[in-house]
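S.K.: Give me coordinates for this.
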Amino acid sequence: MRVSADPQDPGYSPGLTGRGVKVFLDGVEQHSVVTADDELGLVVLYDVDENGRERMDGDMIRRINAQGAVRIELPYA
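M.R.: Presented below is the predicted three-dimensional model:
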């Protein structure tokens, strides 16, 4: 399954964004998730500093790609 908050992503899921979807990478819940794909083992995250502020590249928020065992929990599952 693939879920994404990015309208340009093929897994764009507007009905799920901010609705209690939880994403785990290697058993650890992730925050600031943009996209998660459990088949590819991919999580795309916004890059945030230790205070939770988003790091920017010009006017774009930096993104980090992380690989591992991905689990997506839907609020109604």
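S.K.: Please report how far the residue most central in space within the chain lies from G58.
M.R.: Nearest to the geometric centre of the chain sits V33, at 2.3 Å (Cα atoms, centre = their mean). According to Cβ to Cβ, to the nearest Å, V33 stands 22 Å off from G58. Using the backbone N, CA and C atoms, a C-beta is placed for each residue, glycine as well.
S.K.: what's the answer for G15, then?
M.R.: 31 Å.
S.K.: Equivalent analysis for E39, please.
M.R.: On the measure of Cβ to Cβ, E39 and G58 end up 32 Å apart.
S.K.: who's in contact with D9?
M.R.: R2, V34, T35 (Cβ atoms under 8 Å, 6 or more residues apart in numbering).
S.K.: Not including adjacent chain positions, what is the nearest residue to D26?
M.R.: Among residues not flanking D26 along the chain, G68 sits closest, at 4.3 Å (Cβ to Cβ, 6 or more residues apart in numbering).
S.K.: which stretches of the chain aren't confidently modelled?
M.R.: 16-18, 77 (pLDDT under 70).
S.K.: let's see 90
M.R.: Residues of the chain meeting the criterion pLDDT under 90: 11, 13-20, 52, 74-77.
S.K.: I64: what secondary structure?
M.R.: Under DSSP: H, G, I helix; E, B strand; the rest coil, I64 falls in the strand class.
S.K.: ok, it touching L45?
M.R.: Yes - contact criterion Cβ atoms under 8 Å: I64 and L45 qualify, at 4.9 Å.
S.K.: still on that earlier bit, what separation is there between the residue nearest to the centre of the chain and L25?
M.R.: 9 Å.
S.K.: what residues are shared contacts of those two?
M.R.: Both V33 and L25 are contacted by V43, under the criterion Cβ under 8 Å, 6+ apart.
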